[in-house]
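[1] A structural model of the following input is requested.
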Amino acid sequence: MPRKSAAPAGHTGRTAAGFTRDVKVERIGPVTVYKRGHSYYLYYRQARTTERRKIDGNLAVARATAHKIADALAERRPSPLSFTRTTPQQLADGYRDYVANVQKLALRTRDRYKAALDRFLDFCRDAGITSADAIDLSRVEDFVKWLRGQKRNRNGSAGGSRDFYKVGGVRFVLSACRTAFNWAARRRMLPPFTENPFSLFRLDRLREVGGQPAAKVFTKEQERAFFAGCDDWQRPIFTVLATYGLRLGELTNLLVDDVDLKRGVVFIRSKPWLYWTVKTGRERELPLIDSLRPVFERALIGRSAGFMFLNRPFSTGFRPVPDFASPQVFRTRAERAVAELLALRPDAEERECKRAAIAFGRAAGQTPEKAVRNEFLGLTAAIGCPDFTRVHDLRHLFSTRAQAAGVNPILVQEILGHTTLEMTRRYTHLGLDSKRNALESALEGARDHV
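    As a prediction, the model looks like this:
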């Protein structure tokens, strides 16, 4: 095959046939630096295979990288540009194994990651993508278009109505993929020195079709109507949720020994032996305010252990509440339920052990989260606010009310258990009354001029 015609170093252009010419710039040991158009490439052989790598940078970067590759080859080490070509399925499986067995994330968190990565795998199959390194920014944009055309069950449930993804759902899927690709890059499953394509995509530019929906927070009148409509079982549960801004799981897993009436402290802490952990792992202590003391005292009904707020059938005496002499007895029985499963099936998976712990909790009077959600939906429909469909709205209500009252945002963050102030800000939706009060306060010193 005839050699290419000589050209000045660094010169590139087109051949007579109109193709872009590769021009040799220099050779550094076994590595050859070429220029093609405005980009630099490195050619070398490793493990009897010819490698051709594009360099994101100028000639100085290409030369520095060529020296590193030459040193690695001389010492029989892998090239710093080498990576193991990986399929999307292998990447997803490896990352899910990592979060399960290295990070040891909670099952519910792992399930959310699995659902997000499953959507990514579905897209790759539809688009015919067989290698993870084929994903670039344009492919991510195609993925977003694909996602916006997909329907899913709300909250990943098996049944119920299906609807198109909201912006929040798209953002979570992309964030999960970004984290998985960061993990894959650290394990040389992706080309080194290239930026994560999911990091290049601007999540903040995503918008809802037809505009962002207004945040739903009870007005003062709606809040009064909501609590006026509560019965004796509902009122303490929703009062505690709204007063502290608790997550629903934090309330349904609150134990008698988590509330110290003498010290006046409520502990929000994980219970690994019940296979439940606080989201983000931020355990916290909350002050027991005087107005809530009677609520907790009535919920105890002479018990010394167990769940603080019992399911409706147990609270009415329809089902007898198991007698736990102490918190230690309660924990021992919970651990025994899992131990009995493992004795019968030593290879039982974590999910099966969690089911055994949940079954024990239900028999001990624990309130299912679904039951609280159904009660909330019934109340909001009864007061003429059927668009309020999430118990989580009470958490937003607490944050909004606290910020409107001028509470230090860092204190609000600590009470809610958020990892960042940005998350707390997203939970705050100040209404017209708060804005009016702020404007009046700001103009207080300028009344004579207005």
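
[2] Which helix or strand lies directly C-terminal to the helix or strand that F296 is a member of?
    Assigned by DSSP states H and E, F296 belongs to helix 293-300. Downstream of helix 293-300, the next assigned helix or strand under DSSP H and E is helix 312-315.

[3] all helices for the stretch 251-400 of the chain, in order.
    Taking DSSP state H, counting those that start in this stretch to define them, one finds helices in the stretch 251-400 of the chain at 293-300, 312-315, 327-344, 350-363, 369-382, 393-404.

[4] TSV please, covering these and showing mean neighbour count.
    For every residue, glycine as well, the C-beta is placed using N, CA and C. Listed next are the helices of the stretch 251-400 of the chain as TSV, based on neighbours: other C-beta atoms under 10 Å:
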stretch	mean neighbour count
helix 293-300	14
helix 312-315	17
helix 327-344	15
helix 350-363	16
helix 369-382	16
helix 393-404	21
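
[5] for R139, helix, strand, or coil?
    Three-state call for R139 (DSSP: H, G, I helix; E, B strand; the rest coil): helix.

[6] OK, contacts around it?
    Applying C-beta atoms under 8 Å, 6 or more residues apart in numbering, we find R139 in contact with 127, 129, 197.

[7] Next one: W273 relative to E285, how far apart?
    Distance of W273 to E285, computed by C-beta to C-beta, to the nearest Å: 20 Å.

[8] Next one: the nearest residue to Y44 once chain neighbours are set aside, what pLDDT does it get?
    Excluding its sequence neighbours, the residue lying closest to Y44 (C-beta to C-beta, 6 or more residues apart in numbering) is V31, at 4.5 Å. In this model, V31 is scored at 93, pLDDT.

[9] Show the backbone phi and psi for V31.
    phi -110, psi 130 (degrees, to the nearest 10).

[10] Could you give the bridge partners of it?
    I28 (DSSP bridges).

[11] Return the residues in contact with it.
    Counting by C-beta under 8 Å, 6+ apart, V31 has contacts 42-44, 66, 69-70, 73.

[12] Just to be careful, could you list which of these are in strands?
    With strands taken from DSSP state E, the overlap with those comprises 42-44.

[13] Shouldn't T50 be within a strand?
    Yes - applying three-state DSSP, one finds T50 inside a strand.

[14] Next, work out how far apart it and T32 are.
    Taking C-beta to C-beta, one finds T50 at 11 Å from T32.

[15] who has more neighbours, the two?
    Using other C-beta atoms under 10 Å as the criterion, T50 and T32 rank with T32 on top: 17 against 8.

[16] Tally up the residues packed near the spatially closest residue to the more buried one that is not a sequence neighbour, please.
    Closest residue in space to T32, ignoring its immediate chain neighbours: Y43 at 4.5 Å, by C-beta to C-beta, 6+ apart. Per other C-beta under 10 Å, the neighbour tally for Y43 reads 17.

[17] quick one: contacts for Y43?
    31-32, 34, 50-52.

[18] And L42, by the same measure?
    L42 touches 31-34, 51-53, 55, 62, 65-66, 69, 81, counting by C-beta under 8 Å, 6+ apart.

[19] would JSON lines of the residues you listed with distance to L147 be doable?
    Output for those, formatted as JSON lines (distance: C-beta to C-beta, whole Å):
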{"residue": "V31", "distance to L147": "41"}
{"residue": "T32", "distance to L147": "42"}
{"residue": "V33", "distance to L147": "41"}
{"residue": "Y34", "distance to L147": "39"}
{"residue": "E51", "distance to L147": "35"}
{"residue": "R52", "distance to L147": "33"}
{"residue": "R53", "distance to L147": "32"}
{"residue": "I55", "distance to L147": "33"}
{"residue": "A62", "distance to L147": "37"}
{"residue": "T65", "distance to L147": "36"}
{"residue": "A66", "distance to L147": "40"}
{"residue": "I69", "distance to L147": "38"}
{"residue": "L81", "distance to L147": "32"}
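
[20] Can you turn the buried part of the residues you listed into a ChimeraX selection?
    The ChimeraX selection below is limited to those of the contacts of L42 classed as buried (16 or more other C-beta atoms under 10 Å):
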select :31,32,33,34,53,55,62,65,66,69,81
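
[21] So which of the contacts of L42 is the closest to V256?
    Nearest to V256 among those, counting by C-beta to C-beta, is L81 at 59.6 Å.

[22] and that closest one, how far is that from T130?
    From L81 over to T130 the distance is 21 Å, taken as C-beta to C-beta.

[23] Mind listing the shared neighbours of T50 and T32?
    Common neighbours of T50 and T32 (C-beta under 8 Å, 6+ apart) are 43-44.

[24] Tell me how this protein divides into domains.
    Domain assignment for the chain by automatic domain parsing gives 1-82, 88-205, 220-382, 393-449.

[25] mean pLDDT lowest for which of the ones you listed?
    Per-stretch mean pLDDT for those is lowest at domain 393-449 (a mean of 75).

[26] what about the strands in this protein?
    22-28, 31-36, 39-46, 49-55, 151-153, 162-164, 259-260, 265-268, 284-287.

[27] Same list, these, but as TSV with distance to E414 please.
    Output for those, formatted as TSV (distance: least, C-beta to C-beta, whole Å):
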stretch	distance to E414
strand 22-28	56
strand 31-36	54
strand 39-46	50
strand 49-55	47
strand 151-153	34
strand 162-164	35
strand 259-260	18
strand 265-268	11
strand 284-287	7
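
[28] okay, how far is it across stretch 381-401, tip to tip?
    End-to-end distance of stretch 381-401 (C-alpha to C-alpha, to the nearest Å): 23 Å.

[29] coming back round to it: out of the helices of the stretch 251-400 of the chain, nearest to D163?
    helix 369-382 (16.9 Å).

[30] who touches the closest one?
    226, 229-230, 234, 237-238, 248-249, 251-252, 311-312, 386-391.

[31] What is the distance between it and the centre of its chain?
    25 Å (C-alpha atoms, centre = their mean, to the nearest Å).

[32] Okay, angle between that helix and helix 393-404 too, please.
    For helix 369-382 and helix 393-404, the angle between their directions (axes from the mean of the first three to the mean of the last three C-alpha atoms, to 10 degrees) works out to 70 degrees.

[33] And for F309, the neighbour number?
    21.

[34] That one against I237, yeah?
    Yes - F309 lies in contact with I237 (C-beta atoms under 8 Å); the separation is 5.6 Å.

[35] joint contacts of those two?
    With C-beta under 8 Å, 6+ apart as the test, F309 and I237 both reach 251, 367.
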